[in-house]
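>>> no FASTA, just this:
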């Protein structure tokens with residue numbers, strides 16, 4: 001799973017903190033891997049980094065396409081369109097290889113068939129592939145242009161046609177995004193802790209780590225944790241990240257204990273009369 005949160009550097013300057021586990025899952029089996037899921041895409045006048053979840057093969061293919069296409073991106077809107085194009089390109093290629101090529105069809109003939117007979121077997125097969133692929137790639141990116149930082153979220157969506165453009169959302173005002181197994185748990189943890197993108201790096205790094213640790217209650221979220229910072233200085237890891245994670249884990253344990261104690265005191269005050 002992965003988390004990106006914004007933070008305020010100073011004035012109008014914004015940065016991002018990326019946090020991710022290292023677990024790779026196959027159905028009910030999860031393995032702690034030795035490779036970080038955090039991806040640096042570009043680090044110059046336009047800084048781009050992200051994390052993705054679900055299919056490892058699709059994630060590798062997506063970031064490969066993204067790096068190549070983002071070399072010529074000039075602004076955030078360019079990157080947002082490139083993300084859409086990369087996801088669409090992967091989907092179209094898979095449908096072409098699995099359905100169209102075996103039947104000797106091209107995209108034009110397939111679209112004509114779909115318009116004339118939307119319930120045709122080939123259309124159904126293409127739609128199944130489209131939906132499976134959509135559910136197998138979940139991406140969040142941080143993009144820094146000038147002093148401002150914006151977030152892009154690509155997530156599974158239902159489509160009425162095999163070639164529909166994927167849903168690409170901007171979450172810059174919300175200031176954070178989560179992906180993968182445990183993402184809902186992490187999302188609500190950040191909300192409950194009062195996450196604010198205007199807070200500094202120490203506050204929001206602590207909250208991001210606590211949200212990741214909370215997400216470990218979900219099957220498929222590993223304990224090994226990587227941290228990446230994106231700011232005006234560039235994109236980089238944190239040398240003492242394990243110490244920071246260990247500190248956050250101790251704080252989390254104290255929070256759980258105090259929560260249990262508060263609940264214990266609360267139920268001791270409950271009086272039930274017959």
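Thanks, I have it. Quantities reported herein were computed from a predicted structural model and do not represent experimental measurements.

>>> Give the helix, strand or coil label for the closest residue to residue 148 other than its chain neighbours.
Distances taken as CB to CB, 6 or more residues apart in numbering put residue 14 closest to residue 148, at 5.7 Å, once the chain neighbours are dropped. Placement of C-beta: from N, CA and C, glycine included. Secondary structure, DSSP: H, G, I helix; E, B strand; the rest coil: residue 14 is strand.

>>> Next up, the contacts around residue 14.
Residue 14 sits next to 6, 7, 8, 144, 147, 148, 149, 197 when contact means CB atoms under 8 Å, 6 or more residues apart in numbering.

>>> Could you give the number of residues near the first one?
Using other CB atoms under 10 Å, residue 6 has 28 other residues around it.

>>> next one: the helix or strand encompassing it to chain centre, how far?
For residue 6, the element it lies in under DSSP states H and E is strand 2-10. Offset of strand 2-10 from its chain centre (CA atoms, centre = their mean, to the nearest Å): 14 Å.

>>> now it: mean pLDDT?
Mean pLDDT, strand 2-10: 96.

>>> Can you spell out which helices and strands pack onto that strand?
When contacts are defined as 3 or more CB pairs under 8 Å, 6 or more residues apart in numbering; DSSP states H and E, strand 2-10 sits against strand 13-21, strand 46-54, strand 137-145, strand 148-154, strand 176-179, helix 183-192, helix 201-215.

>>> one more time with 10 Å, if that's ok
strand 13-21, strand 46-54, strand 137-145, strand 148-154, strand 176-179, helix 183-192, helix 201-215, strand 225-231 (3 or more CB pairs under 10 Å, 6 or more residues apart in numbering; DSSP states H and E).

>>> Quick one: closest of these to residue 127.
Across those, residue 127 has its closest neighbour in strand 137-145 (16.7 Å, CB to CB).

>>> mean confidence for that closest one?
Here strand 137-145 scores 94 as its mean pLDDT.

>>> ok, that strand: who's next to it in the sheet?
strand 46-54 (antiparallel), strand 148-154 (antiparallel) (DSSP bridges).

>>> Which one of the helices and strands packed on strand 2-10 lies nearest to residue 250?
Smallest distance to residue 250 across the helices and strands packed on strand 2-10 (CB to CB): 10.2 Å, for helix 201-215.

>>> What residues of the closest one count as buried?
Within helix 201-215, the residues that count as buried by 16 or more other CB atoms under 10 Å are 201, 203-215.

>>> So residue 132 belongs to a helix, correct?
Yes - applying three-state DSSP, one finds residue 132 inside a helix.

>>> That one: how many residues sit nearby?
Residue 132 has 13 neighbouring residues, counting by other CB under 10 Å.

>>> So what's the predicted local confidence for it?
For residue 132, pLDDT reads 81.

>>> measure it to residue 37 for me?
To residue 37, residue 132 is 21 Å away according to CB to CB, to the nearest Å.

>>> cool, residue 59 as well?
On the measure of CB to CB, residue 59 and residue 37 end up 8 Å apart.

>>> What of residue 119?
For residue 119 relative to residue 37 (CB to CB), the value is 40 Å.

>>> what's the answer for residue 58, then?
The gap separating residue 58 from residue 37 is 13 Å, by CB to CB.

>>> hmm, back to that, out of the strands paired with strand 137-145, which comes closest to residue 228?
strand 46-54 (6.1 Å).

>>> Quick one: residues in contact with stretch 55-68.
Stretch 55-68 has contacts (CB atoms under 10 Å, 6 or more residues apart in numbering) with 24-26, 33, 35, 37, 39-42, 48, 50-53, 70, 73, 79, 82-83, 85-87, 89-91, 93-94, 132-133, 135-139, 141, 154.

>>> what comes up buried for it?
Under 16+ other CB under 10 Å, the buried positions of stretch 55-68 are 55, 56, 58, 59, 61, 62, 63, 65, 66.

>>> Using a markdown table, please lay out those together with distance to residue 246, secondary structure and pLDDT.
Shown next, in a markdown table, are those (distance: CB to CB, whole Å; DSSP: H, G, I helix; E, B strand; the rest coil; pLDDT from 0 to 100):
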| residue | distance to residue 246 | secondary structure | pLDDT |
| --- | --- | --- | --- |
| 55 | 31 | coil | 87 |
| 56 | 28 | helix | 88 |
| 58 | 33 | helix | 90 |
| 59 | 28 | helix | 92 |
| 61 | 35 | helix | 94 |
| 62 | 32 | helix | 94 |
| 63 | 29 | helix | 96 |
| 65 | 37 | helix | 96 |
| 66 | 33 | helix | 97 |
